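Asker: sequence and predicted structure, then a few things I'm wondering about:
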Amino acid sequence: MNLKAGLFQNQQLKLQMTQQLSQAITILQYSTMELNAYLEAKQLENPLIQIEPPKKDPLHQREPFTYKRQAGNQENTVDWYEYVSVPKRTLMDVLSVQLNLKSLTSLDKKVMEELIYSLDDNGYLRVDEESFTEKHGLELEQLENYINRIQELEPAGIGARSLKECLSLQLQRKEDVPLLATMIIENHFQAFAEKKWKAIAKELAVELKDIQKAADFIRHCNPRPGSEYSQHIAEYIIPELVVNVVDGHTVAVSLYDGTTVNVTYNEEYTDFQKAHPDKEVQSYLQEKEQDFQWLLQSLRQRKQTILKVGRMLAEKQKAFFLKGPSAIQPLTLKQVADEIDVHESTISRAVKGKYMQTPYGIFELKYFFTSAIKSVRLEDSEAASARTVKNELQKLIEEEDKKKPLSDQKIVNLLLDKGYEVSRRTIAKYRDQMGITSSTMRKRYE
């Protein structure tokens, strides 16, 4: 082998990830709330960046303190305090108040408070009983007594360690409970949950319609008694794109510019930057000014990309905007990417967490991208979308005879009659995605 030392030229094409490109990609994939948080953080690190609230905010259109409401020709003034939200009580608050009304020793209170704080968001008790008894020097019988006292509190079913126990606790407090309902929960819960009702009916010597009546009564119980007190942060969805149908056939798309905070230049530093004698300060401010310009450019690119995607959706999904969700067509990210000459990953980032206001409600942009289902009708030149098939599936389930619910194979056959060639496996997958149970679980006995 002959190795020679020397200087050689080699031409290569490389994509370099600059700071500006990285920032543009990051900003594009942010949702509105994430972008606003990002801009607020940028303001803290760059003195030249100044942010202002959105120009338009539909959530804060009301005048402070009072607003005027029209009632016919009469004008009513409403006091502002009617619109001040009341902090929602937590499950811990509700249970602690009830504990304070009881006569408890210091040990009782300590143990029961810890049990309360061991409840999950649904009100179920999640505690390792063996470790708990060792920690507090209790016998299992004593712990069971404490748990029973927690389970006596409101709401009914709180402190249960299983769904069976939760339903049983609630039935104990209800009036006119059918004896059969109690027997089913206490002695045949697993078979009941799996809807093996014929076996239960045979063992208890009752008819299936009696099991159905008991089931209807049990359904009035709450399987998640603590959920109404769970603290979920309300998240408002404000669409970044608005679609209007003009003259019944033209679909117009525009940006809604009232979603994100406005970024402006902090003019206080203009004269300061020119007059300051310190070269390091001037260099620092020049660097921050470049950062500011990059940020503005990234925000402009984000708006342009989202608008381009929105307009392409209006073109490709025109039938949806004119006729409704049932007319949605198959569409992939790659198709849109090719049309507006960008990479598929750019479209993926552009639709993530972004919403569009349409005549049929607010939809996430990714809703409009759906796979194709083969159409077998000779006159159909286009494939149907998976979304359309799901809509058809929903209609079939809603209209079925609940005494004889449709099997997955029967649904396949009915969809085939309508022109959609779908496998039984696909129908089962769609049912699962839509939260629809099997035909066995949907069956009613009257």
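Answerer: On my side now, so go ahead. Residues are numbered from 1 along each chain as shown.

Asker: so what touches stretch 289-298?
Answerer: The contact list for stretch 289-298 (Cβ atoms under 8 Å, 6 or more residues apart in numbering) reads 19-20, 23-24, 27-28, 42, 46, 48-49, 263, 265, 273. To be clear about C-beta, it is placed using only N, CA and C from the backbone, and glycine gets the same treatment.

Asker: got a markdown table for those residues, with secondary structure and pLDDT too?
Answerer: Supplementary listing: the contacts of stretch 289-298 in a markdown table, determined by DSSP: H, G, I helix; E, B strand; the rest coil; pLDDT from 0 to 100:
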| residue | secondary structure | pLDDT |
| --- | --- | --- |
| 19 | helix | 74 |
| 20 | helix | 76 |
| 23 | helix | 83 |
| 24 | helix | 84 |
| 27 | helix | 89 |
| 28 | helix | 89 |
| 42 | helix | 87 |
| 46 | coil | 85 |
| 48 | coil | 85 |
| 49 | strand | 86 |
| 263 | strand | 86 |
| 265 | strand | 85 |
| 273 | helix | 63 |
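
Asker: mind giving me the PyMOL command for buried ones among the residues you listed?
Answerer: Remark: buried members of the contacts of stretch 289-298, expressed as a PyMOL selection using 16 or more other Cβ atoms under 10 Å:
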select buried, resi 23+24+27+28+42+46+48+49+263+273
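
Asker: how about the contacts of stretch 289-298, which pair is most distant?
Answerer: 28 and 273 (30.2 Å; Cβ to Cβ).

Asker: export the contacts of stretch 289-298 as TSV, with columns for distance to residue 131.
Answerer: What follows is the contacts of stretch 289-298, written out as TSV (distance: Cβ to Cβ, whole Å):
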residue	distance to residue 131
19	51
20	54
23	49
24	52
27	48
28	49
42	47
46	51
48	56
49	52
263	53
265	59
273	63
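
Asker: nearest to residue 143, of the contacts of stretch 289-298?
Answerer: Nearest member of these to residue 143, counting by Cβ to Cβ, is residue 42, at 53.0 Å.

Asker: my guess is that closest one contacts residue 49, does it?
Answerer: Yes. Using Cβ atoms under 8 Å, residue 42 is in contact with residue 49, at 5.6 Å.

Asker: and the gap between residue 365 and residue 335?
Answerer: Remark: distance between residue 365 and residue 335 (Cβ to Cβ, to the nearest Å) = 14 Å.

Asker: between the two, which is the more surrounded one?
Answerer: The neighbour comparison of residue 365 against residue 335 (other Cβ atoms under 10 Å) goes to residue 365, with 21 against 14.

Asker: what pLDDT does residue 358 get?
Answerer: pLDDT for residue 358: 91.

Asker: just to check, it is in contact with residue 243?
Answerer: Yes. Using Cβ under 8 Å, residue 358 is in contact with residue 243, at 4.8 Å.

Asker: what is in contact with the two at once?
Answerer: Residues touching both residue 358 and residue 243 by Cβ under 8 Å, 6+ apart: residue 321.

Asker: so these two - more neighbours on which side?
Answerer: Using other Cβ under 10 Å as the criterion, residue 358 and residue 243 rank with residue 358 on top: 25 against 22.

Asker: phi, psi of residue 103?
Answerer: Note on residue 103: its backbone torsions stand at phi -90, psi 110 [degrees, to the nearest 10].

Asker: show me where this structure has strands.
Answerer: Ranges of strands in the chain, per DSSP state E, are 49-52, 66-71, 74-79, 241-246, 250-255, 262-265, 355-358, 361-364, 372-373, 384-385.

Asker: which of these has the lowest mean pLDDT?
Answerer: strand 66-71 (a mean of 35).

Asker: so where's the stretch 101-250 of the chain shaky on pLDDT?
Answerer: For the stretch 101-250 of the chain, the stretches flagged by pLDDT under 70 are 231-236.

Asker: redo that, cut-off 80
Answerer: Scanning the stretch 101-250 of the chain for pLDDT under 80 picks out the ranges 230-238.

Asker: quick one, helices of it?
Answerer: For the stretch 101-250 of the chain, the helices defined by DSSP state H, counting those that start in this stretch occupy 106-116, 129-136, 140-151, 163-173, 179-187, 189-193, 197-204, 208-218.

Asker: name the residues of the first one that are buried.
Answerer: Translated: helix 106-116. For helix 106-116, the neighbour count (16+ other Cβ under 10 Å) marks 111-112, 115-116 as buried.

Asker: the inter-axis angle of that helix versus helix 140-151?
Answerer: With axes from the mean of the first three to the mean of the last three Cα atoms, to 10 degrees as the basis, helix 106-116 and helix 140-151 are set at 70 degrees to each other.

Asker: which helices and strands does helix 106-116 pack with?
Answerer: Applying 3 or more Cβ pairs under 8 Å, 6 or more residues apart in numbering; DSSP states H and E, one finds that helix 106-116 contacts helix 91-100, helix 129-136, helix 140-151.

Asker: quick one, what contacts residue 412?
Answerer: Contacts of residue 412 (Cβ under 8 Å, 6+ apart): 422-424, 427.

Asker: next: residue 256.
Answerer: Shown in contact with residue 256 (Cβ under 8 Å, 6+ apart): 56, 238-242, 357.

Asker: to residue 437, which of the helices of the stretch 101-250 of the chain lies closest?
Answerer: Proximity to residue 437 (Cβ to Cβ) singles out helix 189-193 among these, at 11.7 Å.

Asker: what's the offset of the lengthiest helix in the chain from the middle of its chain?
Answerer: Ranked by number of residues, the top helix in the chain under DSSP state H is helix 279-316. Its chain's C-alpha centre and that of helix 279-316 lie 29 Å apart, by Cα atoms, centre = their mean, to the nearest Å.

Asker: buried set for it?
Answerer: By 16+ other Cβ under 10 Å, the buried positions in helix 279-316 come out as 285, 288-289, 291-292, 294-295, 298-299, 302, 305-314, 316.

Asker: for stretch 159-169, same thing?
Answerer: Neighbour-count burial for stretch 159-169 flags 159-160, 163, 165-169 (criterion: 16+ other Cβ under 10 Å).

Asker: convert the C-alpha atoms of that stretch to PDB, please.
Answerer: What follows is stretch 159-169, C-alpha atoms only, in PDB (Å, rounded to 0.1, in the frame of the first residue of the first chain):
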ATOM      1  CA  GLY A 159     -61.300   5.500  50.000                       C
ATOM      2  CA  ALA A 160     -62.100   2.300  48.000                       C
ATOM      3  CA  ARG A 161     -59.200   0.000  47.000                       C
ATOM      4  CA  SER A 162     -60.900  -1.400  44.000                       C
ATOM      5  CA  LEU A 163     -63.800  -0.700  41.600                       C
ATOM      6  CA  LYS A 164     -65.800  -3.500  43.300                       C
ATOM      7  CA  GLU A 165     -65.400  -1.900  46.700                       C
ATOM      8  CA  CYS A 166     -66.200   1.600  45.300                       C
ATOM      9  CA  LEU A 167     -69.500   0.400  43.800                       C
ATOM     10  CA  SER A 168     -70.400  -1.600  46.900                       C
ATOM     11  CA  LEU A 169     -69.800   1.500  49.200                       C
END
